[in-house]
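Undergrad: From the sequence below, what's the structure:
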Amino acid sequence: MGSSRFFILLGLFIIGTVVGGQALFSRVPLDQALQQARSGMSTSGNVTLGSEDSIIPMEREGGVWIVQVEFNDLTEAKLIVDTGATFTTISEDLAFDANIQSDRKNPTVNLITAGGKVQAKMGIASRIRVGYAGRDDVRVVIHTIPNLPEGTHGLLGLSFFDKFMVRLDHSQRQLYLTPKNS
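TA: Numbers count the residues shown, from 1 in each chain. Now for the predicted structure:
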């Protein structure tokens, strides 16, 4: 059971990297629907006032790194650190708890997942904070990803990370975030 869970998570990570990591793998084309969704949307909001360098402890679970994330100053959840995912993806339960609604301008996006193509809701988190680093008005995908480690509610992706210099220190189990100067 444990090894099959590992391979499912590994598959999800690889798919997230290929689909969402165009910046890292510019020769890998994104799904046309995802490209259309991205081109029709503005980028996520700016770094939150008062954001500063942060050192965030990470937990290792089933071959992935997990961090504690705060949404809309309302609720905290554990998300997988996925620097290859285009969007931060949160479960439907977390979206409900954090009062994150579907985006009226761009309500859905088509994604390629380990289980095939799915249509998911797009939303905007008013605020996402990881340690002392925060972003306002962050685009998120609202989709419950199956077979995540227990207690994990999604992926922390580039729609959050793209305004930060990101460094993972595997040996110290720490995520370093530094706001970019732009």
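
Undergrad: measure residue 47 to residue 60 for me?
TA: Look at residue 47 and residue 60: by Cβ to Cβ, to the nearest Å, they are 27 Å apart. Yep, even glycine has a C-beta here, placed from its N, CA and C like the rest.

Undergrad: hey, where'd the helices end up in the protein?
TA: With DSSP state H applied, the chain shows helices at 2-20, 32-39, 92-97, 158-161, listed in chain order.

Undergrad: any idea which of the ones you listed scores lowest on pLDDT?
TA: Taking each of these in turn, the one with the lowest mean pLDDT is helix 32-39, at a mean of 40.

Undergrad: Tell me which residues touch the residue lying closest to residue 95 once chain neighbours are set aside, please.
TA: Nearest residue to residue 95 in three dimensions, chain neighbours excluded: residue 142, at 4.5 Å (Cβ to Cβ, 6 or more residues apart in numbering). Each residue near residue 142 by Cβ atoms under 8 Å, 6 or more residues apart in numbering is listed here: 89, 90, 91, 92, 95, 100, 102, 120, 121, 122, 123.

Undergrad: Verify the contact between the fifth one and residue 123 for me.
TA: Yes - the pair residue 95 and residue 123 qualifies as a contact (Cβ atoms under 8 Å) at a distance of 6.1 Å.

Undergrad: Now the common contact residues for those two.
TA: 101, 140, 142.

Undergrad: Check pLDDT for the residues you listed and point me to the minimum.
TA: Comparing the shared contacts of residue 95 and residue 123 by pLDDT, residue 101 comes last, at 86.

Undergrad: picking up where we left off before, neighbour count and distance to residue 66 added to the contacts of residue 142, as CSV?
TA: As requested, the contacts of residue 142 are exported to CSV (neighbours: other Cβ atoms under 10 Å; distance: Cβ to Cβ, whole Å):
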residue, neighbour count, distance to residue 66
89, 27, 14
90, 29, 14
91, 18, 14
92, 15, 19
95, 23, 19
100, 24, 20
102, 15, 26
120, 22, 21
121, 18, 23
122, 20, 24
123, 21, 21
